[in-house]
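Asker: Sequence isn't available, so here's the structure alone:
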């Protein structure tokens, strides 16, 4: 069975884990050479799928998208019968990132550190009224309720917090909702508003789609509590860039931690500021370079999950062809 990888970073690791019945080839990301490589692919490993790619993938039956987000996969272009699998394995470090950022934002760790480096004692006993906040007893709001959200919820519960969430398919998640106080629908504006308004920590962890692009806009940011914080580990475009900046600049919300952005460098070696507005000038924002899910353990788990999906598919093909 021919497996073609378009995402080079996964090629060597996958090759080492795949069944001997699989032939693995790397394809360029674009051009005639890519199309030639894809022509015989039964399995493709790629974060991108377009109508032009579909036109040459006549034998494709399984598309493996390494990232969790599939917004660059044109689902309307997928030929009938092609199964789509997307990445897993990143949920644990992303949940740890969210909890770490919430602690840092609530306890003003960045501001306290920066001030003390200048000799100012902003918080604690020396500051008198310079009080910090606790996570205990507060409310977590989760926009999305997939694997990342469930890992976050497990840690939030251990911190003594209550969780509410919205998801595109609440009925499908009821059995796994556990201690969620409220599980609503992403498709119902009133359910989203309820989660946003009640949250002390609002975490964006849903997939980017036409239904979620711009979901958190100026109106919804105004629904947030004045001391609430927002953490985005999903995709930048789910939160309206200019609206979030204004809410943070005017301190209408308590702060934000942003791991996903509005601009990315064309090449990873290029320098590139991550937005069209200067989040970097604000002291109530934690900025990280889309790295919350990128650990050695997460990479290993993702490779193992992709290899398992491909190997199971290959074994099924072998049985089918033998019959």
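Answerer: Everything's here; your move. Keep in mind it's a predicted model, so treat the numbers as computed, not measured.
Asker: show me where the stretch 1-150 of the chain has strands.
Answerer: 2-5, 23-26, 43-45, 62-65, 83-86, 139-143 (DSSP state E, counting those that start in this stretch).
Asker: Report how many residues lie close to the residue nearest to residue 288 when sequence neighbours are not counted.
Answerer: Once flanking residues are discounted, residue 288 sits nearest to residue 259: 4.7 Å by Cβ to Cβ, 6 or more residues apart in numbering. Bear in mind the C-beta positions are built from the backbone N, C-alpha and C, glycine included. Other residues within reach of residue 259, judged by other Cβ atoms under 10 Å, total 23.
Asker: quick one on the thing from earlier: columns distance to residue 270 and mean pLDDT on top of the strands of the stretch 1-150 of the chain, output as TSV?
Answerer: As requested, these are exported to TSV (distance: least, Cβ to Cβ, whole Å; pLDDT from 0 to 100):
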stretch	distance to residue 270	mean pLDDT
strand 2-5	24	94
strand 23-26	23	93
strand 43-45	25	95
strand 62-65	24	95
strand 83-86	27	92
strand 139-143	31	97
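Asker: okay, these in TSV with distance to residue 175 next?
Answerer: Shown next, in TSV, are those (distance: least, Cβ to Cβ, whole Å):
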stretch	distance to residue 175
strand 2-5	34
strand 23-26	37
strand 43-45	31
strand 62-65	26
strand 83-86	22
strand 139-143	17
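Asker: So for residue 167, which of those sits nearest?
Answerer: Nearest of these to residue 167, taken as Cβ to Cβ: strand 139-143 at 8.4 Å.
Asker: So what are the sheet partners of the closest one and their directions?
Answerer: Sheet pairing here is set by DSSP bridges, and for strand 139-143 it gives strand 162-167 (parallel), strand 201-204 (parallel).
Asker: The residue nearest to residue 288 against residue 236, yeah?
Answerer: No. The criterion here is Cβ atoms under 8 Å, and residue 259 misses it with residue 236 at 9.4 Å.
Asker: just the helices in the stretch 151-300 of the chain please.
Answerer: Per DSSP state H, counting those that start in this stretch, the stretch 151-300 of the chain carries helices over the ranges 170-173, 189-198, 218-223, 241-249, 296-322.
Asker: Which neighbouring elements make contact with the shortest one?
Answerer: Pointing back at helix 170-173 there. Helix 170-173 sits against strand 182-185, with contacts defined as 3 or more Cβ pairs under 8 Å, 6 or more residues apart in numbering; DSSP states H and E.
Asker: Walk me through which strands the strand it packs on pairs with, and which way each runs.
Answerer: Here strand 182-185 is paired, per DSSP bridges, with strand 162-167 (parallel).
Asker: Just the residues contacting the strand it pairs with, thanks.
Answerer: 138-146, 149, 152-153, 156-157, 173, 177, 179-186, 188, 191-192, 194-195, 198-199, 206 (Cβ atoms under 8 Å, 6 or more residues apart in numbering).
Asker: Going by neighbour count, which of those residues are buried?
Answerer: The neighbour-count test (16 or more other Cβ atoms under 10 Å) marks 138-146, 149, 152-153, 156, 173, 177, 180, 182-184, 186, 191-192, 194-195, 198-199, 206 as buried among the contacts of strand 162-167.
Asker: Can you tell me the centre-most residue of the protein?
Answerer: Centroid-nearest residue in the chain, with Cα atoms, centre = their mean: residue 234, separated by 3.2 Å.
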